[in-house]
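A.B. asks: need a structure here:
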Amino acid sequence: MTDRADTPNTHTILVIDDDPDIRRLLRLALEEAGYEVREAQEGDDGLAIAKQEPCSLVIVDLFMPGKEGLETILTLRREMPLIKLIAMSGGSSHADLLAVATSFGADRTIHKPYELDTLLTSIAALLQEH
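C.D. replies: Numbers count the residues shown, from 1 in each chain. Got it, this is the predicted structure:
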C-alpha cells in the first residue's frame, strides 16, 4: 500500500454505512492507502458532510436506517453530478439492488463481503477517470 506522504494529491473519501465496524475497517484501509476519510452512519448525515466538504468519492451502503442508500445515491448524483459513487451491499438477494444502484447513478458496486484490495483497486480506477 502507498504511504500517505508519497501521495501528492490526496483525495477525500466519504464512507456512509450504519455499521461502525465496517466504517472503522474502511477508514484504516483507506488512510493507509493515502486517502483522507470522512464517515457518516446514515444518508442524511452523509449528504450534509458531502455538502460541507468536497469529496472525490463516496462509498454508500444500500441498507441503512433513515435515508437509505438508493435515495442517498440519487440525491448525491443530482446535487453533485461529478462525484464518484460506489454502492455496497451484502447477501444473495442484494445483487438486484446493486444493479438498481447502478441505474440510480452508482459508478461501481461492491458485494459484501469483499476483498479490501478489490475495493482499493476500484477506488483508484474511479479516481483516475475524469
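A.B. asks: buried ones in the helix or strand bottoming out on mean pLDDT in the chain?
C.D. replies: In the chain, no helix or strand scores lower on mean pLDDT, DSSP states H and E than helix 95-104, which sits at a mean of 88. Neighbour counts over helix 95-104 (16 or more other CB atoms under 10 Å) mark 97-98, 100-101, 104 as buried. Heads up, the C-betas are built off the backbone N, CA and C, glycines and all.
A.B. asks: swap in stretch 54-66?
C.D. replies: 55-64.
A.B. asks: Let's see it as CSV, backbone CA atoms only.
C.D. replies: Included here for stretch 54-66 are C-alpha records, laid out as CSV according to Å, rounded to 0.1, in the frame of the first residue of the first chain:
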residue,chain,number,x,y,z
PRO,A,54,-15.7,18.4,-1.1
CYS,A,55,-15.3,14.6,-1.6
SER,A,56,-13.8,12.9,-4.5
LEU,A,57,-15.7,9.6,-3.9
VAL,A,58,-18.5,8.3,-1.7
ILE,A,59,-19.0,4.7,-0.6
VAL,A,60,-22.6,4.1,0.2
ASP,A,61,-24.2,1.1,1.9
LEU,A,62,-27.6,0.4,0.5
PHE,A,63,-29.3,-0.7,3.7
MET,A,64,-29.3,1.9,6.5
PRO,A,65,-31.8,3.5,8.8
GLY,A,66,-33.1,6.9,7.9
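A.B. asks: re the thing from before, chain center to the least confident helix or strand of the chain: distance?
C.D. replies: 15 Å (CA atoms, centre = their mean, to the nearest Å).
A.B. asks: One more: stretch 46-61?
C.D. replies: That offset, for stretch 46-61, works out to 8 Å (CA atoms, centre = their mean).
A.B. asks: And for that stretch, what's in contact with it?
C.D. replies: 11-19, 22, 26, 38, 40, 43, 67, 69, 72-73, 75-76, 79-80, 83-89, 101, 106, 110, 123, 126-127 (CB atoms under 8 Å, 6 or more residues apart in numbering).
A.B. asks: model confidence over it, on average?
C.D. replies: Averaging pLDDT along stretch 46-61 gives 96.
A.B. asks: for that stretch, how far is the first residue from the last?
C.D. replies: With CA to CA, to the nearest Å applied, stretch 46-61 spans 11 Å between its terminal residues.
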